[in-house]
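Colleague: here's my sequence, what's the structure:
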Amino acid sequence: MAPPSSIIFGQRVRARRNHLGLSQSALADVVGVNRRVIGELERGKASVQLGIALRVVEALGLDVDLRERER
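Modeller: This next block holds a predicted model:
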């Protein structure tokens with residue numbers, strides 16, 4: 001069974017942030033949120049607003065894949 005999407009998203013955010021050498025505080029400053037929001041997002045604990053998630057994706061240079069899934 002695959003982990004929930006919020007956990008996968010958080011893992012990818014953390015991996016990219018670490019790859020770029022950014023602290024949670026630095027990313028939070030760029031995104032315009034409190035550091036705790038980034039920590040909770042990375043642990044899959046926060047239900048993040050779409051606008052915040054998109055700002056995180058943009059700040060980290062990640063892509064969002066909106067293709068339909070094959071059934």
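
Colleague: show the pLDDT at Arg36.
Modeller: With respect to pLDDT, Arg36 scores 95.

Colleague: return the residues in contact with it.
Modeller: By CB atoms under 8 Å, 6 or more residues apart in numbering, the contact list for Arg36 is empty. In short, each C-beta sits where N, CA and C put it, glycine included.

Colleague: any idea how far the residue nearest in space to the middle of the chain lies from Asp29?
Modeller: Residue closest to the mean C-alpha point of the chain, counted by CA atoms, centre = their mean, is Val13 at 4.0 Å. From Val13 across to Asp29, the span is 15 Å (CB to CB, to the nearest Å).

Colleague: which ones are touching Leu27?
Modeller: 17, 38, 56, 59-60.

Colleague: please apply the same query to Glu42.
Modeller: Contact analysis of Glu42 by CB under 8 Å, 6+ apart lists 10-11, 13-14, 17, 24.

Colleague: mind checking the SS state of Asp63?
Modeller: For Asp63, the secondary-structure state derived from DSSP: H, G, I helix; E, B strand; the rest coil is coil.

Colleague: ok now stretch 11-27, how far from the chain's centre?
Modeller: In terms of CA atoms, centre = their mean, to the nearest Å, the centre of stretch 11-27 is found 9 Å from the chain centre.

Colleague: ends of it, how far apart?
Modeller: 15 Å (CA to CA, to the nearest Å).
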